[in-house]
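A.B. asks: Just the structure for this:
(2 chains)
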Amino acid sequence: MRFSIILFGMVQALRLVARLYPKFRDRLKERNLIAQFKLQDNSQGRWVQIDNGKVRSRKGIHEKPDFSVVFKNRAIAEEFLTPPFDQLVRIDAAKNFKLLVEGSDELAVWFMTTLNEMQRVRWKSGTPVGNGVVRYTNGTNGGPVFVYVKDGKILRITPVEFDDEDAPSWTIKARGKEFTPPRHTTLASHGLCQKSMVYSKNRILYPMKRVDFDPHGERNIQNRGKSKFVRISWDEALDIVVGEIKRSKAHGPGAVLVTHGSHHQWGNLGHYLSAFNRFWNLIGCSKLHNNPDSWEGWYWGAMHHWGNSLRLGTPEFYGTVEDCLKEAELMVFWSSDPDASYGYEGTIRREWAKELGIPMVHIDPFLNHTAAHLGGKWISPKPGTDSALAQALCHVWITENLYDKEFIEKRTTGFDEWKAYILGETDGAPKTPEWQEAETKVPAREVRALAREWGRKKTYLGAGGWGCGLGGAGRGPMGVQWARMMTMLGAMQGFGRAGVNFGNLQFGAPLDFSFYFPGYAEGSMSGELAYSANAANNYQRMPHVVTMNSSRQNIPKIRLPEAIMEGSASGFLTDVSSVRGQFLRYGYPAPGHAKIQMMYKYGSPNFGTMVDSNRWVRMYQSENLPFVVNQSIWWEGETPFADVILPACTVFERWDIGEYYNVGAGYVHHMFSMVNHRVVSLQHKCIKPLGESKSDYDIFLAVAERLGLGAMYSEGGNTDLDWCKRVFDSSDLAKRTTWKKFLKKGYFVVPPDPENARAPTASRWYYEGRKKDTPEPYPLPSDYVGEFGEGLQTTSGKFEFLPETLSQIDDPARPPLNKYQKSYENAEAEPALADFPLQLLTPHTRYPFHIMGDDEDCTLQDIREHRVRVNGHAYLVARVNRQDAEARGVKDDDLIRLWNHRGSVVCAAQLTDRLRPGVVSACTGSAQYRPAGEPGNSTDLGGCVNMLNPKKTITEQASGMAPNTSLIEFEKWTGVDTWQRAEAA
Amino acid sequence: MAGKWNMVVDIERCDNCRNCFLAVKDEHIGNEFPGYSAPQPEHGHSWVDVKRHERGKWPAVEARFMPVMCNHCDDAPCMKAAKNGAIKKRADGIVIIDPKKSKGQKDIVDACPYGAIFWNEEEQAPQAWFFDAHLLDEGWEKTRIEQACPTGAFRSLKVEDAEMRRIAEKEGLEVLKPELGSKPRVHYKNMHLITHCFVAGSVTAEVGGVEECAADAEVVLSRAGNELARAKTDLFGDFRFDRLEKNSGPYQLQVESDTGGRASVDFSMAEESLHLGALALSA
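C.D. replies: Purely as a prediction, here's the structure:
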C-alpha cells in the first residue's frame, strides 16, 4: 500500500474508532500533540494533531511537531506500516536505523500505544456468569485461578475447574488399577489468600518519601527504618529517582545496584527476568548475583558426581510417576516434604501409591506434613548428621552384597576407594550402623533393617522437597555432603532401573513436553540473552530487541551487607552451563567499576529470607548507601528502610500471561511436570490498579521515558497486553486456539501425550547404556566427552564416586572423597556457641510462599500453624519439642524468645512431639520486621528467624547459605529486650 | 433435586493444608450476601476451623486434623436459643442465621455446643458456615470447601435421610457429640483417629550378638485373658494397635517370633496413646 494512503487511512481509522468506542474517545483526550510521519528526505509526510480529543491532519511536513517518526525511504515505510504487521520487520527497522523517532519520547510512546489501542479496544475478555459477575482468569505462585469480579471488585478466587471442551486427562495403569487426576487445578494456600492480599490495608497506594530525606540536602541515612513517610506525587517520585540514577551513573558503571527476590508475582511479563531485566539492561546496573538458594547441596555438591548442571545438579524426573506407581516396592522420603510449599498436585499421586500399598519411610528430624499425611516409618536423625546414616546404609549394602554391582562396574568410577572408606580401610572407622548411631541417634538396628529392605526391593528415593532435589538437608552446613550421599545411594542401587529412581511422585507426570509455551525464566520481553534462557527458543519465536547491561559488576547475594558496609565482597558464580562454571570467583568492586551509589529494591523483603539478616538491617544505615528506592506492592518489614517508595500493583490489576508451574529452561526445565494438567492462562487485568499503584511495566516505562528510553523500552508503544499477544503468537498456543477465544476464556489445557508416546523414564537410557533419550537439551553438546548424547556430564562420562572436578579445587568441605564431617555449627569451631544447646531448623514455610502472603492483613495470618495472635499481633510459630518446652516452663502459644549471638526473635510456641528433642523448627516465612529496640541490634518481634542463621557459606568456595543446624536457646519472652549482639563468625 | 444436604468429612484425608479455612474467608471477608450473611470480619473467625490433634509421643506420634464447622443440626441448639425466628432450617437441611434478625443475639453463639458460631462485633450478629447456600441456590454443584480441598476430605451429599443413614452405617460415619441429640448433618469418617488411642512398640532380637529389628513377629493384644487383636511386626519390628478406648485401663501384650523368641509387657491405657519402646525378645 502506498505511504500516503496508509497515513491517510491511519487518520480516518483514529476518527472512526473514536466514534465507535467511548473508551478510545477518552484516551484521545489524554494528550495534546502534533505527530509527524515522514520520509527522511522530507519528500513525503503527514502530520497528525490531537487536540482535546479531536484529530486533525494535513499532508506535508509540520514546522514544530512534538515528535517525528522518520522512515529511511518509502519502501521501508510501506513494509513497516502495511498490515498484517510482521514483528521481525518492525524490529529490524528499529535496530538498523531504518526508522527513527525524534522529539518527545513520552508523547511518541503515548501515540504509538494509541495506534495499537485501535485494535485492543475491540478485544473482549472474561466469561459472564450471571448477576453482573464476570469470571476472569489469572495465575499465582500457588496455581492458576478463576477470579470472579463484580462492580470492579474481586468477589472470589478459586481453583480452575475444567469443562468438557478442555483436553482430556491422562491415565496411568498400575498393578491392575487405573489412576486419573481430577478435572481441576489445585491451589496452594498462598494462591487462595490472594484476594486478601489485593485488598490488604498494607498495600502501598501512593508514592512516598521519607520525611527527613532530602536528595539535595540532608539525607539522614541513619534514620532509615525509623522515620515516617509522606505521600508525594508520581512526578516528584520519578524526578527524585531519575535524578538519583543520573547522579549515580556519573560515578561510573555499576553505581546503581538493583536487587530483587528470587520470585515475583506469577507471569512471564511482570517477572524480574522480564520487564525488570529489560529495563535495567537499558539503564545499566550492578546486579545482585543470585545463589542457587534452596539447591545448595545439589548445585555445589551433587553436580560433581553426575553433571546435570542445567538442573542445578539434581536428577532427571521424566516418567517417574508412571514407573514408581507401576514398579516401586519401597519409597524413601529423605528430608522430603513435597506437601510443604509447592501446592497439592502431587498429593493425590502419593495417595495412589498408598492405595497400592507401597511401603513408605520418612527420614526427617520433623514429622513433616507429607509424612504425617501419608504415614509409614518415621526416622528422625539429629539435624546435620544424615550423611552418617547414609554411609551406614552403604556399609550394610557392601558387607551384605545388596548393591547393583553391574551398574557400579559399567557406569561408575571410583567405587573401590569409596568402598575402602566405608569399610574403614582408609581411616580405621568402618561406617557401620552402630557408628552412625553415635552421630544421628537413630538405632543401628533400624538402619540395618532399612538398608536390607532398600537393597532387596525396588526403591524410589525422594531426596529433598521435590524428590529430585530442593530444600531440606541440602541447605545446611552439611548440605553438600548430604546431597552427594543421595546421588551415591542412587548409584549403588543402579538408578534408572525399573522401579529404582529418584522421586516422590511430585515430578514426572506424563504430560506433553514438546508443546512450546515459555516459562518465566525464558526471558519473555527482556531481550536478555546472557542471563536467561531467552536465546534457546523465545528470542527466535518472539522477535524482540536484544538488550545488554554494560556494567559487568555483580555482588553475591549473601554478601551484600559486607559489600556495602565493608566495601568489598566476593563469591563464586552460579553458572549452570557447565559443572566447572561454579569455580569462577568474582568480586565487588569489579575492576574499573564504581562503588554502589544507590539501591533500587524491587519486590520481596530479605530480612526473613537471608541469613544473619541483622546484617541487612544495619546495611541500610550505612553512609555508603546514599539512596534507596523500594518498588513494592505491600508495606513489608524492609519497606521503611528506603528513601522513596514506588507503589506497584498486583498481577490482578494488570495484564500478564503464564503457565502453571512453568518457570522454563534456565531455572527448572519442565518444572510443570509437577502438575497434573498443563494449564496456560491469560492473566486478565481483573480490576483497575488500586490507588495510584501501577504495574511494574508501567513504572519502568515512566522512568525510561524520563531518560529518553521509552520507545526502546516499550518497543514502539507496546502495552502489557500487547506483549501478552506477542507471547501467545510466539507459542504453540496459536496453533491450537485463537487469540480471541483464549483472551475471553482465559486458559487452555494442553492435551497430554498419548500413552504410547510418553517421555521415556528418567536415566533408563544411562542404566541401559544407551544414548540419552529424555526430552531435555542438557548437557550442552560441547560437554559430552564422547559422542553427543553418550554418558554423563562428568570428566569420565560416568557417575564418579570421587568426582574428578572436585580434585581440581581445594575446598576443605568438598573433598573428592565424600567423607563424613560434622556441622561447623558447633562450640569447638565457634566458642560463642557453647551457650546454645538446641538446633534450629528453618525450613520453607507451608502457607506463605517464602514470604509472599505473610502480610498482617492476609487470611494466612489466622492459620495457627503459621502465626498465633497474642495481644493483637500475630507472632510467627516456632515448633518446639514438648520435653524441651516443659523443661523451660513454656506452654502452647506462649511467646518465646529464640536467640543466639547473631540474633534474637520472638515467636509463639507450638509444643509438639513431631520434633526430636533438642530441635526447634521455625519457618523462614516472615515478611515482617518489628525491632524491639534499635533496628539491627535488638530483638525482632516480626519473626525473621533467619537472623539466627550463620552468614558463613556452605563451604569456603561455594556461595550457598547454610541454615538448618544453627545452635540457639529459647526462653519465655519477658517483654523486655536485653539481647546484645556479639560479632559473629 | 430432592433430598437434604449432608457433609462427610474424612479425617484420614485431611492434611491441614487449610484450603477449606481460606476458601471460606475468601468467600466471606468483604462480601455481603443479602438474605444469607453479612461480611465476615477480617480476623478471628473460623467458620470452618481445622483442629490440630497429636496422638502419641515422640518418636511414635501422629498428627491428625479435624475440620469443624456448623453441623446444620436437625435439632439445632442454636435455633432453640434464637428469638424472632433468627435462625431458619431450610427444607434442604441447611441451617441459616438471618444476618438481620439475629442482630444483638449473642446467646446464639453460646448455644452452639460445637463452638461453630462466631460473634461479629461490627455487625453485632452471630455468624456461621451456612453450607454455601447462596452458591447452591445459584446452581453451584459443590461447596467451596470441597472445591478447594486437594485431598478429597470433604464430600457433600444431597440425599434423603434414610439414604444418609444407610451410608453412615456402611462407612462407619460418626457425628460430634451424639449424646446431645442435636442430629448433626456433618458426618465424620475415621473419627477414631481423634477419639481413640493406639499402642505401639518395636520388637528387637539379638542375632549373633547384634541387636536387630524383629520383623514378622506375632503380637497379641489381650485384656483380662481375652485376646482382642493380633498383628505382625513390620520390617522395623514395629507394631501398632489402634481404636483403644481412652482410660480403658490394663492390657497385656505378648510377642512371639517364628524363631521362638518371646516378650511380654503389661500396660495401662490412660488419656494418651502409648509407645512401649523396644521390646527385646528372649528365648
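A.B. asks: Which positions in the stretch 151-283 of chain B make contact with chain A?
C.D. replies: Proximity of the stretch 151-283 of chain B to chain A (Cβ under 8 Å from any Cβ of the partner chain) is limited to residues B:151-152, B:204, B:210-213, B:215, B:234-238, B:278. (C-beta placed from N, C-alpha, C; glycine too.)
A.B. asks: what do you get if the cut-off is 10 Å, keeping everything else the same?
C.D. replies: B:151-152, B:202, B:204-207, B:210-215, B:234-238, B:272, B:275, B:278 (Cβ under 10 Å from any Cβ of the partner chain).
A.B. asks: Quick check, A:Ile863 in contact with B:His43.
C.D. replies: No. When contacts are counted by Cβ atoms under 10 Å, A:Ile863 is not listed as touching B:His43 (11.3 Å).
A.B. asks: so what sits against both of those two?
C.D. replies: A:Ala874 (Cβ atoms under 10 Å, 6 or more residues apart in numbering or on different chains).
A.B. asks: between these two, which one's more packed in?
C.D. replies: Comparing A:Ile863 with B:His43 by other Cβ atoms under 10 Å in any protein chain shown, the one with more neighbours is A:Ile863, at 24 against 16.
A.B. asks: so who does that one touch?
C.D. replies: Under the criterion of Cβ under 10 Å, 6+ apart, the contact partners of A:Ile863 comprise A:189, A:193, A:846-848, A:874, A:877, B:16-18, B:21-22, B:46, B:50.
A.B. asks: since we're on whatever residue of the stretch 101-250 of chain B ends up closest to chain A, how many residues are nearby?
C.D. replies: With Cβ to the nearest Cβ as the measure, B:Pro150 is the residue of the stretch 101-250 of chain B nearest to chain A, at 3.3 Å. Other residues near B:Pro150 number 25, with proximity taken as other Cβ under 10 Å.
A.B. asks: give the contact list for it.
C.D. replies: With contacts defined as Cβ under 10 Å, 6+ apart, the neighbours of B:Pro150 are A:143, A:159, A:182, A:184-188, A:339, A:343-348, A:351, B:13, B:15, B:17, B:19.
A.B. asks: Surely it forms part of a helix?
C.D. replies: No. The assignment for B:Pro150 (DSSP: H, G, I helix; E, B strand; the rest coil) gives coil, which keeps it out of a helix.
A.B. asks: distance of B:Asn84 from chain A?
C.D. replies: To chain A, B:Asn84 is 29 Å away according to Cβ to the nearest Cβ, to the nearest Å.
A.B. asks: What helix or strand is that residue located in?
C.D. replies: Assigned by DSSP states H and E, B:Asn84 belongs to neither a helix nor a strand.
A.B. asks: okay, now it: neighbour count?
C.D. replies: If we define neighbours as other Cβ under 10 Å, then B:Asn84 has 11 of them.
A.B. asks: What residue in the stretch 601-750 of chain A comes nearest to chain B?
C.D. replies: Counting by Cβ to the nearest Cβ, the stretch 601-750 of chain A gets nearest to chain B through A:Asn676 (10.6 Å).
A.B. asks: contacting residues around the spatially closest residue to the residue of the stretch 101-250 of chain B closest to chain A that is not a sequence neighbour?
C.D. replies: Using Cβ to Cβ, 6 or more residues apart in numbering or on different chains and skipping residues adjacent in sequence, the residue nearest B:Pro150 is A:Tyr344, 3.3 Å away. If a contact means Cβ under 10 Å, 6+ apart, then A:Tyr344 has A:142-143, A:159, A:185-189, A:338, B:15, B:17, B:19, B:148-151 as its contacts.
A.B. asks: Could you do A:Ile422 as well?
C.D. replies: Taking Cβ under 10 Å, 6+ apart as the definition, contacts of A:Ile422 comprise A:391-399, A:415, A:429-432, A:488, A:492, A:819.
A.B. asks: Now which of these would you call buried?
C.D. replies: Those of those that meet the buried threshold are A:391-398, A:415, A:430-432, A:488, A:492, A:819, by 16 or more other Cβ atoms under 10 Å in any protein chain shown.
A.B. asks: Tell me the one of these nearest B:Val68?
C.D. replies: Distance to B:Val68 across these (Cβ to Cβ) is lowest for A:Leu393, with 42.6 Å.
A.B. asks: Tell me if that closest one really is in a helix.
C.D. replies: Yes. A:Leu393: assigned to a helix according to three-state DSSP.
A.B. asks: Much appreciated, bye for now.
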